[in-house]
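**Q** okay, sequence plus prediction incoming.
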Amino acid sequence: MSLFKIQNLTYYYPDRERPALKNINLHVEEGELLLIVGGSGSGKSTLARVLAGLIPDFYGGKIGGRVFFEGRELSEDGRRALSTQAGIVFQDPEKQLVMTAVEAEIAFGLENLGLPQQEMFRRVAEVMSFLNLSPLKNEFTANLSGGQKQKVALASVLVMQPRVLILDEPTSQLDPAAADEFFYLIERLNKEMGYTVVLIEQRLERCFHLADRLVVMERGEILREGPVGEVARWEVENALPFLPPVARFFAFLHAPFIPLTVKEGRRELKKFLPVSPARPPDAGRRASENNNPGPFPLLTMPKGQVKQERAVVEIKNVWFTYPNGREALKGINCRVEKGEFVVIMGENAAGKTTLLKQIVGLLKPGRGSVVVMEKDTRTVSLAELARDVGYLAQNPDDHLFQDTVEKELLFTLNNLSLADDGVIDAVLDKLSIVQHRDANPRDLSSGERQRVALAAVLVARPQLLVLDEPTRGIDYRLKKELGAFLKELAEEGLTVMVVTHDVEFAAEYAGRVIMMFDGMLVCDGPKDRVLGTSMFYAPQMARLFKDFAGGVLTVKEGLAKIRSNGDAKKCLSVNADC
Amino acid sequence: MPVSERRLLIRVGLFLAVAAGLLLLGVWKNTSLIARNWGLLAALILLAALVFLYLGFERRAVSAREIGVTAVLGAVAAAGRVAFAAIPGMQPATFVVIVAGFVFGPRTGFMVGATAAVISNFFLGQGPWTPCQMFAWGLAGITAGWLGILKPRVGRTEMVLFSFAWGYLFGWIMNLWFWAAFVRPLNWPSFLTTCAASFPFDTLHAAGNVIFTLLLGKTFYRMLMRFKRRMTVSVLPAPAAVPKDSDV
Amino acid sequence: MERLSYEEKGVFLQTLHTGVVLVYLGVLCVLALLFSHPLYLTGIFILGALAVIVSEAVEKWEMYLRMGIWMALLIMIINPLVFRTGKTVLWHGPTVPVLGKLDICLEAICYGAAMGIRLLAVLTVFCLYNAVVHPDKILSLFARYAYKSALVVSLATRMLPAVARDLANAREVQQLRGVDYGSGSLRERVRKHSWLLNIVLSSSLERALQVAEAMQARAFGTGPRSCYRRELRRPRDLLCFTAGILALLFSLLAKFKGYGDYTYYPQMGKLVESSSSVIWLGIILISLSLPVVLSWGWKHCPYLRSKI
């Protein structure tokens, strides 16, 4: 018998005309890992909440169809039973912790279940040791890192010993290292502890291979479900994006077997591509020959551009120490020209955000200077700098507070005493949010809110656009739209600087990549050189093609490589064009 | 009058009885123990009042949503205390508490006010002022809640006057304990002198409340009302099968 | 508002049972309000100061004292203004409305000074509270009797740093949209700041729903609840508890016998009326000082540490 069985489920959120779920039929088997993918608004999170028993109890609304857990209908069980059948970990670690201390947080669910002391002690102790949370036992939950918070959230669900673990994009707010650790835990829970897991995820590179079955959802419906390889092939045929690059690449090649990991992929690739003896040009080695006086190699611009006289951003030997004594920037030198698309990467606390704040003028260098559009940030007021520099925060909600989208744009113009010479129409049009002109920004979807915030920045016609983690928590399609849009802006002459953890995003859209570590620039150059030769910051395709061919960062480039290789072409029918 | 309101009245009555008892104990000349020790008495009465008010919140069934929104409003009010540190004397905590009480009723109003006081002091440092702030903000929330019940369609002017008054009332409540514990004799002139000392701050506070009510009152009211509607959920049946969208 | 006022320093008083700490600090506070004799008040203040020092909270204490001095000054100003029956008039002032004739007398100033010490003693106790009681401990203590209220406070405490961060982020973003927070009239500046409140409120309300959902998913409100508490009881708790209660009993006894009060008006009495007054103070202070002594011993003597 299936653990969960859903029959003809239809669900409407309160006051909504469109159903969030439409005729859903699905079953979840004991011990499997079911991966659900889909764009935002596809209903996958809603489905997770149905399984967790939160819909309709918590949300209300209209519901039709039946949901069974081990043959019993879900609505017959009390809420207490529901919460021990399925535990759910939500997207945002910030918004699911309740108590002030870690240990109390983990015990919260058990208290609600009314368990006796002795049982609670035992369960809390076991979970804390399993997840290695004991060192954080008395920590103030608000001061934990995102990864730690998410681990505590997982612990506080596991401690209730649910039969099924439901994870609703648990890593979308985490940095790659924390996300990897989280997935590793999920893998252990599924493979070693036998937990049944329903995983909803956007970061498919890291979890695709863990799945037993794949479900693709769109617009509240299940488009397809089945074994991963089969669904992957079907996705490529139907031009759906919910695949990690390696799988997409091989599905395009019509390979008989769809590899899900880099390891499997390289094994497949070996069959029709020889390992090239000549290694790709190594940026690091060349730098040491150059014997530059500066600590890092001087840049050569992409596309063989010659250095222009006037840089958009000129950072000269910048050092910065926070008032609490942390030295966050150590001798940064960097020059960004007009029309560049620069991505800044690096681990947490590497100084990326600090550097960003230096560029927009929120922080002033302790030593050295930052000159943006020929304005020294130490002497120019923020408001004056704001005319040339646009800044999009990680959370678009930090921008929005006006009643309508139009007012939001006007607000920026008024602050900078600019006139609306039709620029509002132009920007709204460009970001295709004209239809929301009179809507309250807060009523829009998260992707639309981000675009409104971007519009409110672009309306001032900045020369430099700085974005902090713009891809965090947004889905494939929105990411693609954003990337393409930013690239277009850069081609029109706007300088774009993005801080992100998202390697695939950088590989796809950036021109130049800067890598930071411990307050220093450790690598700076065109993306294929920085990412292509990187071990850990390499996109999946670069890892796949490592030693086979250089300069492959994206699926497109991979396919081009194959097409240009006669031998490989013979083995495969390369006709796909992406 | 709804049952819950009647219970509240009973509780208020009970509290008044306890307070009166304590006060009697205070004027009873032969008890040298706490006789005339108004500082201690005032502290005891204050604590008793808080206990009673908390019991009021404790007794009723509270949903997760209500807990969440109460806590969040308390946190916003508390955060407001720091956000405006750049402008001396201006802090929106009282304003937030009043709007919260007005929209969500006296009990939530009390909880928001008291919580704002406690939690901001977890960070800024607890002191003898904590119970006074809890009481003062709590009372601001309660009275705003009553205002909301009695006059749900209160006008802008009335709201402005109400928040203006709370600027001073807050200061006076804060002065009460200070006055009772550290000033002799306890008479009107001495209380007025104490209040005169805090007059500039209270005036700023009242002015701030007025400005916030004028600037944000309507927006906050609308935002919270909209949110309040989302607090109740109802489940309805829907047809199990929906015709396919032709545009998919 | 990122850091709690409490810091984990591993000092003796932080290892005590929360209930015991509360009793002890409560006794200190009650005694400070109970007595009006300057010697008694000074004694309690000094004891509190010693407790602060052994709890390594001097830095925090300085902050409290700095504030306390101003308030004490205020007390010393207000009292002479309103009390005029003292015998030793220092200055005959003019007649003002409400207050009447302003005669400043020595007794009132001295009373004010004694009350200043009382205030400092109370502040010291609160400072000690901040230094040794983790908010979470107090919340879990109260959760047994009033879990809904405790939960609200706990949740709000947890969210406050996030809300404060939201505020800071929103402020930065608006600055970069050209909002200058430093300029403009008072009203103008308040207006600019109030936008931030607007932003934060709407983000926070969303947050409230999500947290509520997480609580619901973890079986909140599904029936009778139990309470998770893991506070240990050690001999030191019994010792300190006894010390606190004894001090309170001794004080009440002394108060019944008429010690610990002091005549300020109309003329000040002798500072030391009788030797038994000092003896009673000594007894009270000795019983109060047990936790302080244990603190010191606990830190310096491993043998004692293992035994209590």
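**A** Ah, there it is.

**Q** from now on I want contacts and neighbour counts done on CA atoms only, so please keep to that.
**A** Fine.

**Q** nearest spatial neighbour of residue A:142, skipping sequence neighbours?
**A** Spatial nearest neighbour of residue A:142, chain neighbours left out: residue C:158 (5.4 Å); criterion: CA to CA, 6 or more residues apart in numbering or on different chains.

**Q** and for the one you found, the neighbour number?
**A** Neighbourhood size, residue C:158 [other CA atoms under 10 Å in any protein chain shown]: 25.

**Q** show me how the chain divides into domains.
**A** This is for chain A. Per the record, chain A has its domains at A:30-55+A:84-243, A:308-544, by automatic domain parsing.

**Q** wrong chain, I was asking about chain C
**A** If you go by automatic domain parsing, chain C breaks into C:12-134+C:233-307, C:139-217.

**Q** residue B:39 is nearest to which of the ones you listed?
**A** Closest to residue B:39 of the domains of chain C is domain C:12-134+C:233-307 (CA to CA; 6.3 Å).

**Q** what is the mean pLDDT for the closest one?
**A** Per-residue pLDDT over domain C:12-134+C:233-307 has a mean of 89.

**Q** just checking that domain against chain A, any contact.
**A** No. Residues of domain C:12-134+C:233-307 are not located near chain A by CA under 8 Å from any CA of the partner chain, the shortest gap being 9.6 Å.

**Q** ends of that domain, what's the gap?
**A** 13 Å (CA to CA, to the nearest Å).

**Q** quick one: name the residues of chain A near chain B.
**A** Residues of chain A lying close to chain B (CA under 8 Å from any CA) are A:8-12, A:22-23, A:56-65.

**Q** how about the contacts made by the residue nearest to residue C:61 when sequence neighbours are not counted?
**A** Spatial nearest neighbour of residue C:61, excluding adjacent residues (CA to CA, 6+ apart): residue C:127 at 6.0 Å. By CA atoms under 8 Å, 6 or more residues apart in numbering or on different chains, the residues touching residue C:127 are B:125-127, C:52, C:60-61, C:64.

**Q** three-state assignment of residue C:288?
**A** Following DSSP: H, G, I helix; E, B strand; the rest coil, we place residue C:288 in the helix state.

**Q** wait, it touches residue C:245, no?
**A** No. Taking contacts as CA atoms under 8 Å, residue C:288 lies outside contact range of residue C:245: 9.1 Å.

**Q** look at those two and report which has more neighbours.
**A** Per other CA under 10 Å, whichever of residue C:288 and residue C:245 has more neighbours is residue C:288, with 25 against 16.

**Q** quick one: mean pLDDT over the helix or strand in which residue A:560 is found.
**A** In this assignment (DSSP states H and E), residue A:560 forms part of helix A:555-564. Average pLDDT, helix A:555-564: 84.

**Q** flag every buried residue along it.
**A** Using 16 or more other CA atoms under 10 Å in any protein chain shown as the burial criterion, the residues of helix A:555-564 that qualify are A:555-559, A:561-563.

**Q** hey, C-alpha coordinates of it in CSV?
**A** Output of helix A:555-564 as CSV, limited to C-alpha atoms (Å, rounded to 0.1, in the frame of the first residue of the first chain):
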residue,chain,number,x,y,z
VAL,A,555,25.0,23.2,-22.1
LYS,A,556,25.0,25.3,-25.3
GLU,A,557,28.8,25.4,-25.4
GLY,A,558,29.0,21.7,-24.7
LEU,A,559,26.7,20.9,-27.6
ALA,A,560,28.8,23.2,-29.8
LYS,A,561,31.9,21.4,-28.8
ILE,A,562,30.3,18.0,-29.7
ARG,A,563,29.1,19.3,-33.0
SER,A,564,32.5,20.5,-33.9
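
**Q** elements contacting that helix?
**A** Here helix A:555-564 touches helix A:245-252, helix A:540-545, helix A:566-571, going by 3 or more CA pairs under 8 Å, 6 or more residues apart in numbering or on different chains; DSSP states H and E.

**Q** which of the domains of chain C is buried the deepest?
**A** domain C:139-217 (a mean of 21; mean count of other CA atoms under 10 Å in any protein chain shown).

**Q** all strands for the stretch 51-200 of chain C, in order.
**A** With strands called from DSSP state E, counting those that start in this stretch, the stretch 51-200 of chain C shows them at C:89-96, C:100-105.

**Q** neighbouring strands for the shortest one, and are they parallel or not?
**A** Partners of strand C:100-105 in the sheet, by DSSP bridges, are strand C:89-96 (antiparallel).

**Q** return the alpha-carbon coordinates of the strand it pairs with using PDB.
**A** Listed next in PDB are the C-alpha coordinates belonging to strand C:89-96 (Å, rounded to 0.1, in the frame of the first residue of the first chain):
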ATOM      1  CA  VAL C  89      16.700  75.400  56.100                       C
ATOM      2  CA  LEU C  90      19.600  76.100  53.900                       C
ATOM      3  CA  TRP C  91      18.000  78.600  51.600                       C
ATOM      4  CA  HIS C  92      14.800  80.600  51.700                       C
ATOM      5  CA  GLY C  93      13.500  80.700  48.100                       C
ATOM      6  CA  PRO C  94      10.600  82.600  46.500                       C
ATOM      7  CA  THR C  95       7.000  81.400  46.400                       C
ATOM      8  CA  VAL C  96       6.000  79.600  43.200                       C
END
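
**Q** could you check how far the residue of the stretch 401-550 of chain A found nearest chain B is from residue A:410?
**A** Sorted by distance to chain B under CA to the nearest CA, the residues of the stretch 401-550 of chain A start with residue A:403, at 9.4 Å. Applying CA to CA, one obtains 12 Å for the distance of residue A:403 from residue A:410.

**Q** comparing those two, which residue is more hemmed in?
**A** More neighbours surround residue A:410 than the other of residue A:403 and residue A:410, with 21 against 14 (other CA under 10 Å).

**Q** go ahead and flag the most central residue of chain B.
**A** Chain B has residue B:138 as the residue nearest its centroid, 2.3 Å off, counting by CA atoms, centre = their mean.

**Q** check which helix or strand covers it.
**A** Going by DSSP H and E, residue B:138 is part of helix B:129-150.

**Q** need the residues of the stretch 201-308 of chain C near chain B, please.
**A** Within reach of chain B by CA under 8 Å from any CA, the stretch 201-308 of chain C has these residues: C:201-202, C:204-205, C:207-209, C:211-213, C:215-216, C:220-221, C:252, C:255-256, C:258.

**Q** 6 Å - rerun?
**A** Within the stretch 201-308 of chain C, the positions near chain B by CA under 6 Å from any CA of the partner chain are C:208, C:212.

**Q** okay, the domains of chain A in JSON lines with mean pLDDT next?
**A** As requested, the domains of chain A are exported to JSON lines (pLDDT from 0 to 100):
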{"stretch": "domain A:30-55+A:84-243", "mean pLDDT": "91"}
{"stretch": "domain A:308-544", "mean pLDDT": "89"}
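
**Q** helices and strands of chain B: which one bottoms out on pLDDT?
**A** Ranking every helix and strand in chain B by mean pLDDT, DSSP states H and E puts helix B:3-27 at the bottom, with a mean of 69.
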